[in-house]
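Novice: Provide a 3D model corresponding to the input given below.
(one chain, ligands or ions: 3)
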Amino acid sequence: MQGIVYKSTGSWYTVKTEDGTFYECRIKGKFRIQGIKSTNPIAVGDVVRFEIEELGDATVGTISTIEERKNYIIRKSVNLSKQTHIIAANLDQVFLLITLNNPKTYPVFIDRFLATAEAYDIPVVLLFNKVDTYNEEELLEVKYLAVLYRSIGYECIGISATTGKNVEKVKELMIEKTSMFAGHSGAGKSTLVNALEITLELKTKEISEQHLQGQHTTTFAEMYDLSFDARIIDTPGIKGFGIVDMEKEEIGDYFREFFKLKINCKFNNCLHLDEPKCAVKEALDNDEVAWSRYKSYVQMVTGEEENYRIDIHNIKK
Ligand SMILES: Nc1nc2c(ncn2[C@@H]2O[C@H](COP(=O)(O)OP(=O)(O)OP(=O)(O)O)[C@@H](O)[C@H]2O)c(=O)[nH]1
Ligand SMILES: [Mg+2]
Ligand SMILES: [Zn+2]
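Specialist: Ligands and ions are numbered 1, 2, ... in the order given. Reported below is the predicted structural model:
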């Protein structure tokens with residue numbers, strides 16, 4: 001039988017076949033995928049083949065093979081820096097939920113995420129959530145960020161998952177596609193899924209639990225079929241986004257505006273750091289490239305991996 005993985009809890013995988021039946025499946029023995037060293041060999045979105053057997057009253061499956069992935073989104077595991085974790089596979093697009101506070105999303109997190117998605121060829125749409133809670137100054141900041149990221153080529157939408165503002169716009173982009181919601185814990189991913197499909201009633205952080213900082217409400221990635229011909233993968237919040245398998249020399253190619261300028265750098269292997277006649281640095285001096293983007297880039301190239309992983313909840317503003 002063949003199906004798509006809708007949920008993975010570590011040892012069990014929920015697989016949906018084409019006729020709409022869900023099967024609980026396991027992996028037999030050690031299951032390794034060539035070339036990828038990850039903590040989870042199979043991720044939500046994977047297409048797998050499996051055999052079923054009767055186990056007492058239940059029918060369970062054993063996954064035998066996994067079909068080649070169209071793409072996947074991967075990051076370094078939080079504690080095991082050498083290990084990687086595949087968040088989801090076979091995506092048409094990712095929506096990154098950004099909040100200015102509760103929790104605060106820093107530009108470096110956005111940029112790391114965008115570069116990784118660019119490397120794996122996955123389109124990203126930026127959703128600035130909780131606009132109903134922002135004061136004038138914060139709304140200006142949203143506007144600034146939206147103008148910046150639009151100029152680089154990313155679609156940006158200001159939304160409110162609780163009031164429903166612009167949720168229809170998000171819906172329109174999701175039709176006929178498999179999408180994923182990503183972002184820090186508390187950014188409102190599950191709330192937005194609920195806003196898209198009110199019958200789902202996914203667990204979201206209760207107001208009474210909001211003081212429990214750093215607690216994830218969603219603990220496993222899970223895919224849902226939505227009534228408007230769309231599939232969404234809700235994921236647990238991520239704190240940091242460690243980049244995986246990127247050579248220093250290629251990171252600049254995943255910053256779209258840098259990539260466009262690179263042809264004008266004196267050296268074709270320019271890292272845009274201290275090289276003479278660097279078009280990126282010239283653009284930076286002329287305010288044609290944003291300092292926040294350049295800072296994120298330098299952090300990634302020089303391998304300052306620690307900083308991004310600071311617990312965002314421990315930062316006092
Ligand atoms: N005011 C306001 N609150 C929101 C909005 N979106 C989400 N929230 C609240 O933010 C809190 C966190 O929302 P969740 O949907 O649980 O966040 P999450 O991103 O799924 O978090 P994890 O599952 O831990 O990754 C909840 O109390 C929501 O009600 C919004 O647009 N406006
Ligand atoms: Mg959630
Ligand atoms: Zn350069």
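
Novice: Going by C-alpha atoms from here, please, whenever you check contacts or count neighbours.
Specialist: OK.

Novice: can you give me the strands in the protein?
Specialist: Chain-ordered strands for the chain, with DSSP state E as the definition, fall at 2-8, 13-17, 22-27, 47-55, 58-66, 72-76, 84-89, 93-98, 124-128, 155-158, 178-182, 222-226, 230-234.

Novice: and residue 285, which of those strands is closest to it?
Specialist: With distances scored as C-alpha to C-alpha, the stretch of the strands of the chain nearest to residue 285 is strand 155-158 (25.7 Å).

Novice: Given that closest one, what are its sheet partners and their directions?
Specialist: Sheet pairing for strand 155-158, assigned by DSSP bridges, gives strand 124-128 (parallel).

Novice: Please enumerate residues in contact with the strand it pairs with?
Specialist: 93-99, 114, 117, 142, 154-159 (C-alpha atoms under 8 Å, 6 or more residues apart in numbering).

Novice: Repeat the analysis, applying 6 Å as the threshold.
Specialist: Contact partners of strand 124-128, identified using C-alpha atoms under 6 Å, 6 or more residues apart in numbering, comprise 93, 94, 95, 96, 97, 98, 99, 155, 156, 157, 158, 159.

Novice: In terms of pLDDT, where does residue 28 sit?
Specialist: Reading off the confidence values, residue 28 has pLDDT 80.

Novice: and it, what does it touch?
Specialist: For residue 28, the set of contacting residues under the criterion of C-alpha under 6 Å, 6+ apart is empty.

Novice: go on, residue 70?
Specialist: With contact set as C-alpha under 6 Å, 6+ apart, residue 70 has these partners: residue 90.

Novice: let's see 8 Å
Specialist: Residue 70 makes contact with 89, 90, 91, according to C-alpha under 8 Å, 6+ apart.

Novice: Could you do residue 156 as well?
Specialist: With contact taken as C-alpha under 8 Å, 6+ apart, residue 156 is in contact with 125, 126, 127, 128, 146, 149, 150.

Novice: So how do I select the buried members of those in ChimeraX?
Specialist: Listed next is the ChimeraX selection for buried residues among these, using 16 or more other C-alpha atoms under 10 Å:
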select :125,126,127,128,146,149
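
Novice: Model confidence for the residue nearest to residue 47 when sequence neighbours are not counted, exactly?
Specialist: Using C-alpha to C-alpha, 6 or more residues apart in numbering and skipping the chain neighbours, the partner closest in space to residue 47 is residue 4 (4.5 Å). Reported pLDDT at residue 4 in the predicted model: 98.

Novice: thinking residue 121 is in contact with residue 73, fair?
Specialist: No - with contact defined as C-alpha atoms under 8 Å, residue 121 does not reach residue 73; the gap is 9.5 Å.

Novice: neighbour-wise, which of the two wins?
Specialist: Regarding residue 121 and residue 73, a neighbour count based on other C-alpha atoms under 10 Å identifies residue 73 as having more, with 21 against 17.

Novice: Wait, the more buried one touches residue 87, no?
Specialist: Yes - distance between residue 73 and residue 87: 5.6 Å, which falls inside the contact criterion (C-alpha under 8 Å).

Novice: Point to the residue nearest the middle of this protein.
Specialist: The centroid of the chain falls nearest to residue 182 when counting by C-alpha atoms, centre = their mean (4.0 Å).

Novice: what's the closest non-adjacent residue to it?
Specialist: Among residues not flanking residue 182 along the chain, residue 96 sits closest, at 4.9 Å (C-alpha to C-alpha, 6+ apart).

Novice: how near is the closest residue to residue 238 other than its chain neighbours to residue 236?
Specialist: Nearest residue to residue 238, sequence neighbours excluded (C-alpha to C-alpha, 6+ apart): residue 184, at 4.9 Å. For residue 184, the distance to residue 236 under the criterion C-alpha to C-alpha, to the nearest Å works out to 8 Å.
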